[in-house]
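Visitor: Build me a model:
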Amino acid sequence: MAYGLPEGVYVETIAVLCRGGEPAWSSPLGFISAGGRILFRVFRGSGFWRILVEEGLTGRIVAYTPRDPAEFALHVLEGGGRVESCRPVGQPFTIECTPELLEVEGDVAWFACRDASVREGPGVPYTRAYGCLVELAVLASKAKAGVLGGWALGYARGLLWCVKRSEAMGGGRYARLAERLLQVVEEALRGRG
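Guide: Coordinates of the predicted model:
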């Protein structure tokens, strides 16, 4: 684990680009620890792409895992730029760093975090793998109880994809567990069909 982040698993945050101590933009952003570095990527068409790639603005990124998952949804639904402070207080997890552009390949730009610091508060950082694996476990439990219909199989396969993508650079532990849970769902649904 580099800088306290789980190796190879995306940690989901609300990231704020701060310039002169004031927020310039904020948006959901996933960070991943790989090979001792903290990395993130932005996609063409996003606010961070416009600011970091097209305009080449610099500053510090202050990213945090919010206590309330509604913050992720509101940032997507209402657009970025909702954060009014560069100093999140009392959040479970905070990363602060200076973004360094590594490469632009098609519609994706990869950045490394220079001078990164991670502060852990109460709770644990939210990861995509965590959320998708828990949801898949809930589906498997319901499938074993016989309370799911055929619709659940496509959803379960999507959750397996989510876990694998979220652990893209990890050791595959979560993906192996997700595959076993998918098998439980498949077997339970097959037994009822």
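Visitor: Next, count neighbours for residue 190.
Guide: Using other C-beta atoms under 10 Å, the number of residues around residue 190 comes to 9. Where C-beta positions appear, they are placed from N, C-alpha and C, glycine not excepted.
Visitor: Assign a three-state SS to it, would you?
Guide: Following DSSP: H, G, I helix; E, B strand; the rest coil, the label given to residue 190 is helix.
Visitor: Return the set of buried residues in whichever strand or helix holds residue 28.
Guide: Element membership for residue 28 (DSSP states H and E) is strand 22-34. Judged by neighbour count using 16 or more other C-beta atoms under 10 Å, the buried positions of strand 22-34 are 23, 24, 25, 26, 27, 28, 29, 30, 31, 32, 33, 34.
Visitor: For the worst-scoring helix or strand of the chain on mean pLDDT, which helices and strands make contact with it?
Guide: Ranked by mean pLDDT, DSSP states H and E, the weakest helix or strand in the chain is helix 70-78, scoring a mean of 75. For helix 70-78, the packing partners by 3 or more C-beta pairs under 8 Å, 6 or more residues apart in numbering; DSSP states H and E come out as strand 11-19, strand 22-34.
Visitor: After that helix, which helix or strand is next? Please name it.
Guide: As assigned by DSSP H and E, the chain's next helix or strand after helix 70-78 is strand 93-105.
Visitor: Pull up the pairing partners for that next one, direction included.
Guide: Next to strand 93-105 in the sheet, as set by DSSP bridges, lie strand 60-65 (antiparallel), strand 108-120 (antiparallel).
Visitor: Against residue 178, how distant is residue 160?
Guide: From residue 160 across to residue 178, the span is 5 Å (C-beta to C-beta, to the nearest Å).
Visitor: One more: residue 152?
Guide: Residue 152 is 14 Å from residue 178, by C-beta to C-beta.
Visitor: Name the residue in these two with the higher neighbour count.
Guide: More crowded of residue 152 and residue 178, by other C-beta under 10 Å: residue 178, with 26 against 19.
Visitor: The residue lying closest to the more buried one once chain neighbours are set aside: which element?
Guide: Excluding its sequence neighbours, the residue lying closest to residue 178 (C-beta to C-beta, 6 or more residues apart in numbering) is residue 163, at 4.1 Å. Assigned by DSSP H and E, residue 163 falls within helix 151-166.
Visitor: Give the rounded mean pLDDT of that helix.
Guide: Averaged over helix 151-166, pLDDT sits at 92.
Visitor: Going by contacts, tell me the helices and strands next to that helix.
Guide: Looks like helix 151-166 contacts helix 128-144, helix 173-192 (3+ C-beta pairs under 8 Å, 6+ apart).
Visitor: still on that earlier bit, give me the distance between the least confident helix or strand of the chain and the centre of its chain.
Guide: A distance of 14 Å separates the centroid of the chain from that of helix 70-78, by C-alpha atoms, centre = their mean, to the nearest Å.
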